[in-house]
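Chemist: The amino acid sequence is not available; the structure is as follows:
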């Protein structure tokens, strides 16, 4: 084999690697779509009954979002949101928490505490401004009308 053919094969290696990767993705996708809709619903229900916080790859479930939300609701879970975008090499995952569970309480308390903290910070800023105005008014009253301002 001459050096020229070796260089051609080396140049074609990235193309061959992409073909192998695409074939692997296609095989994984075909293997994941096992069973009818009822079987996939039962598989999702089994995944959701295990803990307070569940991360489910959407491609493993392969159901419409409305069906996923129905199954989650019947399992006592709620969808918090999705993490990552769905692409051939990275799967999108749904994050579910048990309604009334510890994780759900922390999420809801964190949201409420953040809002309450923002309101308290605004109220503190208003009180600080009011205190500064009152202090200036007190200083002006103490000086009298014709007194010179202290430097």
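Modeler: Done, it's in. If you're wondering where the values come from, they're calculated on a predicted model, not measured in any experiment. Numbers count the residues shown, from 1 in each chain.

Chemist: For this structure, just list every one of the strands.
Modeler: 53-57, 77-83, 93-98 (DSSP state E).

Chemist: Include mean pLDDT and distance to residue 40 when you put those into TSV, please.
Modeler: Quick note: C-beta positions are derived from backbone N, CA and C, even for glycine. Formatted as TSV, the strands of the chain follow (pLDDT from 0 to 100; distance: least, Cβ to Cβ, whole Å):
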stretch	mean pLDDT	distance to residue 40
strand 53-57	84	12
strand 77-83	86	16
strand 93-98	87	14
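
Chemist: Just name the most buried of these.
Modeler: Of those, the one with the most neighbours on average (mean count of other Cβ atoms under 10 Å) is strand 93-98, at a mean of 21.

Chemist: Going by contacts, tell me the helices and strands next to it.
Modeler: In terms of contacts (3 or more Cβ pairs under 8 Å, 6 or more residues apart in numbering; DSSP states H and E), strand 93-98 is packed against strand 53-57, strand 77-83, helix 102-143.

Chemist: Understood, closing this out.
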